[in-house]
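Model the following, please.
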Amino acid sequence: QTAAFTRRAGNAPGAPAQTLYVEPSSGRRYTGPVYVLTSDLTVSAAEIMTLGLRALDNVTHVGERTRGAFSTVLTKYLPNGWEISLSNEIYTDPQGETWEGKGIDPAVYIPVFSTERPFEGHVEAVRGVVDLVRRRD
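Residues are numbered from 1 along each chain as shown. Presented below is the predicted three-dimensional model:
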């Protein structure tokens, strides 16, 4: 069992933090290398998943920095029928780092979306990850 991240209510600094863990299955499982590719379009739940995966020894985070907008939302309904959703949690990695507002930096930088070639950039990034895997084998 490995600590993946901690979360707590953002409007209650004294509130107890909740640590969430990742734990390998006791059954069949993949134990080889895993590469997680992110970009500025990796946001919210995908960033939380990235934190969880980064806690595992066999995972390498590659690509570009994530967006930096983590929280699940608290939805409130107004008397006129409208609804409002508020970001209300603070997430930290196992080292206590908060990535909100700045995004998570990958261990290996690979450009994902190019302003010069916006439609081809992500394909080239996937090829870059494949090349990285081949070089490490």
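
How many neighbouring residues does residue 61 have?
19 (other CB atoms under 10 Å). For the C-beta atoms, the positions are set from N, CA and C on the backbone; glycine is no exception.

the longest helix in the protein is where?
Longest helix in the chain, counting residues (DSSP state H): helix 121-136.

avg pLDDT for that one?
In this model, helix 121-136 carries a mean pLDDT of 88.

ranges for the strands of the protein?
2-9, 18-22, 34-38, 59-63, 73-77, 83-87, 89-92, 108-109 (DSSP state E).

Against which helices or strands is the longest helix of the chain packed?
If contacts are counted by 3 or more CB pairs under 8 Å, 6 or more residues apart in numbering; DSSP states H and E, helix 121-136 sits against strand 34-38, strand 59-63.

Give me the most central residue, the chain.
In the chain, the centroid-proximal residue (CA atoms, centre = their mean) is residue 47; its distance is 2.3 Å.

For it, give me its contacts.
66, 67, 68, 69, 70, 91, 99, 103, 104 (CB atoms under 8 Å, 6 or more residues apart in numbering).

how about JSON lines for these, with neighbour count, distance to residue 130 and pLDDT added?
Formatted as JSON lines, those follow (neighbours: other CB atoms under 10 Å; distance: CB to CB, whole Å; pLDDT from 0 to 100):
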{"residue": "66", "neighbour count": "25", "distance to residue 130": "21", "pLDDT": "97"}
{"residue": "67", "neighbour count": "20", "distance to residue 130": "25", "pLDDT": "95"}
{"residue": "68", "neighbour count": "16", "distance to residue 130": "27", "pLDDT": "94"}
{"residue": "69", "neighbour count": "14", "distance to residue 130": "29", "pLDDT": "91"}
{"residue": "70", "neighbour count": "27", "distance to residue 130": "29", "pLDDT": "86"}
{"residue": "91", "neighbour count": "22", "distance to residue 130": "30", "pLDDT": "92"}
{"residue": "99", "neighbour count": "21", "distance to residue 130": "27", "pLDDT": "93"}
{"residue": "103", "neighbour count": "21", "distance to residue 130": "24", "pLDDT": "96"}
{"residue": "104", "neighbour count": "22", "distance to residue 130": "22", "pLDDT": "97"}
